[in-house]
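S.K.: Would you be able to build a 3D model of this:
(one chain, ligands or ions: 3)
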Amino acid sequence: MHERIASLAHIGKTSDGGSRRIALTDDDIAGRNLVISWMKDTGLDVQVDQIGNVFATLKGEVEGSPIMMGSHIDTVGNGGHLDGSYGVIGGLEILAAYKESGKINKHDLCVAIFTNEEGVRFQPDMLGSLVYAGGMSLDDAHNIISTDGKTIYDELTRTGTLGSMVCGSITPYAFIELHIEQGPVLESKNSQIGAVEGVQGISWTGVTFKGQSNHAGTTPMNLRKDAAYAASQLSVAVREITKIIGSGQVGTVGVISPKPNLINVVPGEVYMTVDLRNIDEKKLKKAEDLLKQKIKHICLAEKVNVETEQLVRFKPVNFDKRISNIIANISDEKGLQCTRLNSGAGHDAQMMARICPTSMVFVPSKDGISHNPREYTSKEHLNYGLQILYETINRIDLNLLD
Ligand code: HGY
Ligand code: MN
Ligand code: MN
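M.R.: Numbers count the residues shown, from 1 in each chain. Ligands and ions are numbered 1, 2, ... in the order given. Alright, predicted model coming up:
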């Protein structure tokens with residue numbers, strides 16, 4: 001597992017040692033093809049569906065109701081080596097172990113690579129699992145246009161990843177995703193394992209302020225329609241909204257792109273994004289309402305116009321307590337410290353929870369860092385997570401979820 005994580009990390013490696021395998025770019029495909037070659041070397045049956053999701057299956061006694069693991073291998077622009085990859089390569093390791101042992105499970109075992117989990121090039125994020133779970137039609141997904149002007153369909157065709165398997169044609173018996181926590185909770189509680197009980201709701205909004213480009217020297221301050229000033233005020237307002245809503249509310253302005261982006265020109269237009277998240281749906285709605293009000297006030301005061309686009313809106317998700325209990329019990333049996341928590345990050349599991357019993361196994365992230373080349377989890381913790389996942393699969397295969 002560690003060797004494979006290290007070799008995958010070479011694909012799309014950035015100058016400061018991070019990973020850049022943005023969805024359906026050549027690096028993402030090269031990474032996929034490497035993992036698919038490992039799946040085939042393991043003797044697994046590999047299928048690709050119509051949104052490019054990859055499924056490697058080890059046949060069990062009862063066909064067509066697999067216990068599924070998996071995650072993603074696409075990354076953000078300068079991410080780490082574990083986000084997503086750990087869940088895919090860890091799941092593959094478990095299938096290889098079963099294959100070598102010759103043990104025939106009741107259920108098919110499957111490990112998946114979901115397309116475009118990160119959502120940085122094509123929105124929404126978790127797209128492959130969303131389509132698989134029936135949350136978006138294949139047509140709508142194929143027609144999504146990327147930030148660089150290509151449709152998903154174009155890029156699936158160009159990269160040869162448009163498969164024929166009908167999305168969602170197999171409903172898993174259960175889905176368990178192995179993932180790094182990407183936050184500070186497990187480390188702060190000295191826990192080696194996280195039994196994940198849910199994922200917070202996500203709201204992504206694209207905001208375009210339209211003012212008036214003008215000369216930086218000649219334009220009196222009272223006559224300006226400064227889109228950058230409007231955007232800066234909204235950026236500060238996002239932080240204020242998190243304070244008004246209180247603990248558990250997070251807000252991020254990740255993109256701010258002024259036009260014409262020149263030192264001596266008052267920006268006429270700014271595109272920016274706002275990412276709001278909360279595990280409590282009512283509070284998330286309140287945060288969205290406050291955002292809308294703030295945008296209105298800013299436009300009135302600065303005499304700019306605005307266009308907004310809802311890029312993502314996913315409600316909070318609760319996972320299957322029976323599975324998180326199994327994860328916690330196995331951790332106790334192995335003498336590992338386990339914390340039950342909700343996930344701050346979005347995951348494919350939050351989509352799979354729409355169609356089957358689902359949960360996640362977390363391992364700690366050093367200093368809570370992720371979406372950053374400094375993302376790190378010790379080999380010892382990665383091994384613990386893999387063992388807990390393996391044991392959880394063993395138990396679920398006894399039809400504990402019937
Ligand atoms: O945005 C997220 O939480 C995930 O990394 N796509
Ligand atoms: Mn991830
Ligand atoms: Mn991520």
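
S.K.: Please, where are all the helices along the stretch 301-402 of the chain?
M.R.: Here the stretch 301-402 of the chain has its helices, by DSSP state H, counting those that start in this stretch, at 321-333, 349-352, 379-396.

S.K.: Over to residue 219. Which of the three states is it?
M.R.: Following DSSP: H, G, I helix; E, B strand; the rest coil, we place residue 219 in the coil state.

S.K.: Count the neighbours of it for me.
M.R.: By the criterion of other CB atoms under 10 Å, residue 219 has 16 neighbours. Just so you know, the C-beta spots here come from the backbone N, C-alpha and C atoms, and that holds for glycine as well.

S.K.: before we move on, what about the one 3 residues further on?
M.R.: Using other CB under 10 Å, residue 222 has 5 other residues around it.

S.K.: So which residues on the stretch 251-400 of the chain come close to ligand 1?
M.R.: By the rule CB under 6 Å from any ligand atom, the part of the stretch 251-400 of the chain lying against ligand 1 is 345, 346.

S.K.: for the helix or strand hosting residue 243, which positions count as buried?
M.R.: Using DSSP states H and E, residue 243 maps to helix 227-245. Within helix 227-245, the residues that qualify as buried are 227-234, 237-238, 241-242, 245, counting by 16 or more other CB atoms under 10 Å.

S.K.: what's the distance between the closest residue in space to residue 96 that isn't next to it in sequence and residue 91?
M.R.: Nearest residue to residue 96, sequence neighbours excluded (CB to CB, 6 or more residues apart in numbering): residue 42, at 4.7 Å. Distance from residue 42 to residue 91, counting by CB to CB, to the nearest Å: 11 Å.

S.K.: And those two? Which one has more around it.
M.R.: The neighbour count for residue 42 versus residue 91, taken as other CB under 10 Å, is higher for residue 91 (28 against 19).

S.K.: can I assume that one is in contact with residue 69?
M.R.: Yes. With contact defined as CB atoms under 8 Å, residue 91 reaches residue 69; the gap is 3.4 Å.

S.K.: between the two, what contacts are shared?
M.R.: 111, 112, 178, 389 (CB atoms under 8 Å, 6 or more residues apart in numbering).

S.K.: Need the max-distance pair from these.
M.R.: Among those, the pair separated by the greatest distance (CB to CB) is 112 and 389, at 13.9 Å.

S.K.: residues shared between the contacts of those two?
M.R.: Common neighbours of residue 112 and residue 389 (criterion: CB under 8 Å, 6+ apart): 69, 91.

S.K.: of the two, who's got more company?
M.R.: Neighbour totals were compared for residue 112 and residue 389, and residue 112 leads with 29 against 25 (other CB under 10 Å).
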